[in-house]
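Participant: pasting the structure only:
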């Protein structure tokens, strides 16, 4: 054993992968002829008596050497098993002194073949498995690994009662897989049972759970009545007749009434104008800030060009009025009464 290569198992036991771990560990130990340490304890030779009962000194020495060799091999197997355990599991079961004791302890904890939770997890994993960008060989490996574990959890059988029970379980699992995450607590309660309830019982439990959701989430008649009092359409939406913006009326419009602007807004407007990277002058910065706040800005040069075009039309004999023109202002910029007194 001193010159033998170390035995390494390819799978680390983390709990949920117990069946895969047992297959790979059995192969690794069986290939070295050490699997008997997992199945049996030390058995002395038959009809061997002690030295004081007539056994020869040679026989006693041979038995002692045989026992010492068995103990050495058993410690090797125990070491292999311990090295294949996750740290948290190793800390919990490091007290086991023989390979057989450790193996049986792990089997009792993780090897429950009637574990409904694991069966449901494997079925869910198979149902949600997608290849995506994965190579087909890797995808096939995951697919076959899940089905192999499911076959070990539910071995093949010809017993009609077992087949009927599994058919009912598949029907229940199919329904549970379609539920939304709000039923996760109920799901855990159902799967922790030793035996899965019938399909009708599951439907009844889901209905009761749904009723508790409606009760404690406030989906009752009181909330329905309150919804009739507070309606979204009852809220008044103010729209300015001048700038067509929401939130204020024409008598509060800042475009028509600049003096209504708050000091905070003026400070922010000035700061934004000064930080405008594309501004060539303070005037351009003010225009950019005004444009950002209100949209397009009518420049004085635009108004002058418009007035000149109107004057040229008048000189050409083209009248802009159907009757005699008055002194009323023709162009309304929204701020004309600040620019022209008449």
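Facilitator: Nice, thanks for sending it over. Predicted, not measured: the structure shown is a model, and the values here were computed from it. Residues are numbered from 1 along each chain as shown.

Participant: now for whichever strand or helix holds residue 58, which elements pack on it?
Facilitator: According to DSSP states H and E, residue 58 maps onto helix 57-83. Where contact means 3 or more Cβ pairs under 8 Å, 6 or more residues apart in numbering; DSSP states H and E, helix 57-83 is packed against helix 18-30, helix 36-39, helix 99-110. In this view, the C-beta of every residue, glycine as well, is placed from N, C-alpha and C.

Participant: can you pull the buried residues of it?
Facilitator: 70, 73, 74, 76, 77, 78, 80, 81 (16 or more other Cβ atoms under 10 Å).

Participant: name the next helix or strand downstream of that helix, please.
Facilitator: Moving toward the C-terminus from helix 57-83, the first helix or strand encountered (DSSP H and E) is helix 87-93.

Participant: buried ones in that following helix, by neighbour count?
Facilitator: Buried residues in helix 87-93, defined by neighbour count with 16+ other Cβ under 10 Å: residue 89.

Participant: just for the stretch 151-300 of the chain, where's the confidence low?
Facilitator: 214-236, 263-299 (pLDDT under 70).

Participant: where do the helices sit along it?
Facilitator: Using DSSP state H, counting those that start in this stretch, the helices found in the stretch 151-300 of the chain span residues 160-176, 184-191, 199-216, 221-229, 263-274, 282-294, 300-315.

Participant: check which residues of stretch 17-33 are buried.
Facilitator: By 16+ other Cβ under 10 Å, the buried positions in stretch 17-33 come out as 17, 18, 19, 20, 21, 22, 25, 28, 29.

Participant: circling back: got the helices and strands packed on helix 57-83 as TSV, with mean pLDDT and distance to residue 208 columns?
Facilitator: Conversion of these to TSV gives the following (pLDDT from 0 to 100; distance: least, Cβ to Cβ, whole Å):
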stretch	mean pLDDT	distance to residue 208
helix 18-30	86	34
helix 36-39	88	47
helix 99-110	89	33
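
Participant: make TSV out of the ones you listed and add distance to residue 194.
Facilitator: Rendered in TSV, the data for the helices and strands packed on helix 57-83 read as follows (distance: least, Cβ to Cβ, whole Å):
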stretch	distance to residue 194
helix 18-30	18
helix 36-39	27
helix 99-110	15
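
Participant: surely residue 245 and residue 239 touch.
Facilitator: Yes. Shown here, residue 245 and residue 239 form a contact pair, counting by Cβ atoms under 8 Å, at 7.3 Å.

Participant: domains of the chain?
Facilitator: According to the domain assignment given by automatic domain parsing, the chain is divided into the following structural domains: 18-110, 116-216, 250-317.

Participant: got TSV for these, with distance to residue 8 too?
Facilitator: Conversion of those to TSV gives the following (distance: least, Cβ to Cβ, whole Å):
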stretch	distance to residue 8
domain 18-110	7
domain 116-216	20
domain 250-317	65
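
Participant: who wins for proximity to residue 11 among these?
Facilitator: The closest approach between residue 11 and any of the domains of the chain, judged by Cβ to Cβ, belongs to domain 18-110 at 4.7 Å.

Participant: coming back round to it: now the helix holding residue 58: average pLDDT?
Facilitator: Per-residue pLDDT over helix 57-83 has a mean of 87.

Participant: next, the angle from that helix to helix 18-30.
Facilitator: In this structure, helix 57-83 runs at an angle of 140 degrees to helix 18-30, with axes from the mean of the first three to the mean of the last three Cα atoms, to 10 degrees as the basis.

Participant: any idea of the angle helix 57-83 forms with helix 99-110?
Facilitator: Following the same axes, to 10 degrees, one obtains 30 degrees for the angle between helix 57-83 and helix 99-110.

Participant: so who does the closest residue to residue 10 other than its chain neighbours touch?
Facilitator: If you skip the residues right next to it in sequence, residue 10 has residue 24 as its closest partner in space, 5.4 Å away by Cβ to Cβ, 6 or more residues apart in numbering. Applying Cβ atoms under 8 Å, 6 or more residues apart in numbering, one finds that residue 24 lies in contact with 9, 10, 11.

Participant: same deal with residue 149?
Facilitator: Neighbouring residues of residue 149 by Cβ under 8 Å, 6+ apart: 19, 20, 122.

Participant: what of residue 166?
Facilitator: For residue 166, the residues meeting the contact criterion (Cβ under 8 Å, 6+ apart) are residue 154.

Participant: ok, it to residue 15 distance?
Facilitator: 24 Å (Cβ to Cβ, to the nearest Å).

Participant: and of the domains of the chain, who's closest to residue 5?
Facilitator: domain 18-110 (9.1 Å).

Participant: before we move on, what SS does residue 5 have?
Facilitator: For residue 5, the assignment made with DSSP: H, G, I helix; E, B strand; the rest coil gives coil.
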